[in-house]
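*Asks:* sequence and predicted structure below; questions after.
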Amino acid sequence: MRRMSWVAGVAVAGALMTACSGSGEDSGGAATGTGKRTGSSPSTEPTPPGTQLEVPALYDTGRGWESAEEGTQVPLPRTGAVAVIQERPGEGGPDEYSLIVLDAATGEKRWSSVAVSPLGPTDLPVIRAMVDGKEYLAAWSSGTTEADAVNRGKEVVALDIFPADSSGDGVQPVHVEVEGTGKVRDGGAGLLVADDGDDTVVAVDPATGDTTDYVVNDQEPPADCPDCSSSWEVRGLTDNGLLMGTSIDIDYDAFWVPGGWTAADLRPKEADPEESPIVQAISDDLLVVDWGEARNSDSIVWSAVDGASGKTLATVRCDGDVTPIDAHLSANGRYLAHGGRVFDLKAGTGVCYERTESTNPVEFQIATDEGVIYGNADTSDGFTSAGGPVQLDMRTGKIKEFDDVNTEFPFGDTAGYGLFWDEATQTMVAYPHAE
């Protein structure tokens, strides 16, 4: 894949209005809401929002704001805001997409973007990425540019990147074009553009639009696997280069950063070295590793790891079946909900709620700065599907079930506010944490 980049406009930068310290939220795994009607500007009056939902006691429904902005909501926990992605028909061409970003604490508009369009009649995926502690929204598409009746044009992957802490109206994106075909994903410490079977991947710095080409076959294999080059693949991106891994068709099944650390350097003492670890890039340089079974045990060992340094941040052993994996990081970066597991990255500990002979599994959905984690317990018996909302307090270690099965959980929590979606009225409502 050959690379060509250019900046269409300088993104309008504003003061970083972050309400929390530490790292940001999840990877592209945050829940979103979808709006379908327009409405008035969010209310900032100190009166209860008109939309009243059954929510956990952490939130005060007597205060807050609401908005009926049409679009898809994406929380920006590190920035203390929420983005609304709006779509409208293009004039004789592809649909147009624009962003409105609201302050999570007031509902007031922080900034809005110019409209951008995909390269052809297709959707325009938007990725929320966090690099070096700052959030970005990146819209991307692939297609042909500079084509006319005579010229066939060239295949490119185009990205329009907006810093989440911008300000003002008509914010211009950093525009990047990578020549060739491929898809864009959040690699962790940057955006990655890659095409299946291509020997080159392109890393994009969302802050500047600068690109770096990595030739996969030029990467250094780990010292204990000189033949890894016959079956390796890119798993993600760290501050110190690519995160590499192997496919399943060779005996060595692990991951490493070329010229840096390897999985063998990180493996917990209790993990069985004969097991095949699985690594997942979460956000920025945060990784989660499933090490497989512990030595002489059926328990599964999990670790949260800093991808840049290879330092283990937290480790936990879990009994039972593995729940579906969906990662949610608290806005301050301390608590990571990961399927049926929750890590305290500051304390270096974790807890598990998997399916065992005596317990039902829990899939956690949102983590707050206070260490209150919300999720749903799966009480299905194999014949019927059922579940109940639960709350885990990482400060006390206590988990409890909500009496009301209709309790609503926020799709985002930042700046001391929970962001909720009311499907009945197609309204986004924010309630502050109770004092």
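*Replies:* Sure, I can see it.
*Asks:* what residues are up against the residue nearest to Thr323 when sequence neighbours are not counted?
*Replies:* Closest residue in space to Thr323, ignoring its immediate chain neighbours: Gly340 at 3.6 Å, by Cβ to Cβ, 6 or more residues apart in numbering. The way it works is simple: take the backbone N, C-alpha and C, and place the C-beta from them, glycine included. Contacts of Gly340 were listed using Cβ atoms under 8 Å, 6 or more residues apart in numbering, and they are Cys318, Val322, Thr323, Cys352, Tyr353, Glu354, Pro361, Val362, Glu363, Phe364.
*Asks:* so Trp256 makes contact with Thr246?
*Replies:* No: no contact is recorded between Trp256 and Thr246 when judged using Cβ atoms under 8 Å, the distance being 9.2 Å.
*Asks:* out of these two, which sits in the busier spot?
*Replies:* When neighbours are counted by other Cβ atoms under 10 Å, Trp256 comes out ahead of the other of Trp256 and Thr246, with 29 against 25.
*Asks:* out of everything not next to it in sequence, what's closest to that one?
*Replies:* Here the residue nearest Trp256, using Cβ to Cβ, 6+ apart, is Thr262, at 4.0 Å.
*Asks:* swap in Thr238?
*Replies:* Using Cβ to Cβ, 6+ apart and skipping the chain neighbours, the partner closest in space to Thr238 is Gly307 (4.0 Å).
*Asks:* over to Asn376?
*Replies:* For Asn376, the nearest residue in space outside its immediate sequence neighbours is Gly387; the separation is 4.6 Å by Cβ to Cβ, 6+ apart.
*Asks:* gap between that neighbour and Gly320?
*Replies:* According to Cβ to Cβ, to the nearest Å, Gly387 stands 16 Å off from Gly320.
*Asks:* still on that earlier bit, out of the contacts of Gly340, which are buried?
*Replies:* The neighbour-count criterion (16 or more other Cβ atoms under 10 Å) marks Cys318, Val322, Thr323, Cys352, Tyr353, Glu354, Pro361, Val362, Glu363, Phe364 among the contacts of Gly340 as buried.
*Asks:* between those, which is nearest Tyr374?
*Replies:* Distance from Tyr374 was checked for each of the buried ones among the contacts of Gly340 by Cβ to Cβ. The minimum falls on Phe364, at 7.0 Å.
*Asks:* quick one, phi/psi of that closest one?
*Replies:* With angles defined as degrees, to the nearest 10, Phe364 shows backbone torsions of phi -80, psi 140.
*Asks:* just use 734 as the starting number from now, easier for me
*Replies:* Okay, using 734 as the starting number, the last item reads as Phe1097.
*Asks:* flag the shaky bits of the stretch 984-1133 of the chain, pLDDT-wise.
*Replies:* Counting by pLDDT under 70, the ranges of the stretch 984-1133 of the chain that qualify are 984, 1114-1119.
*Asks:* just the strands in it please.
*Replies:* Counting by DSSP state E, counting those that start in this stretch, the stretch 984-1133 of the chain has strands at residues 988-989, 1011-1016, 1019-1026, 1033-1039, 1045-1051, 1060-1062, 1068-1071, 1074-1077, 1082-1085, 1095-1100, 1105-1111, 1120-1126, 1131-1134.
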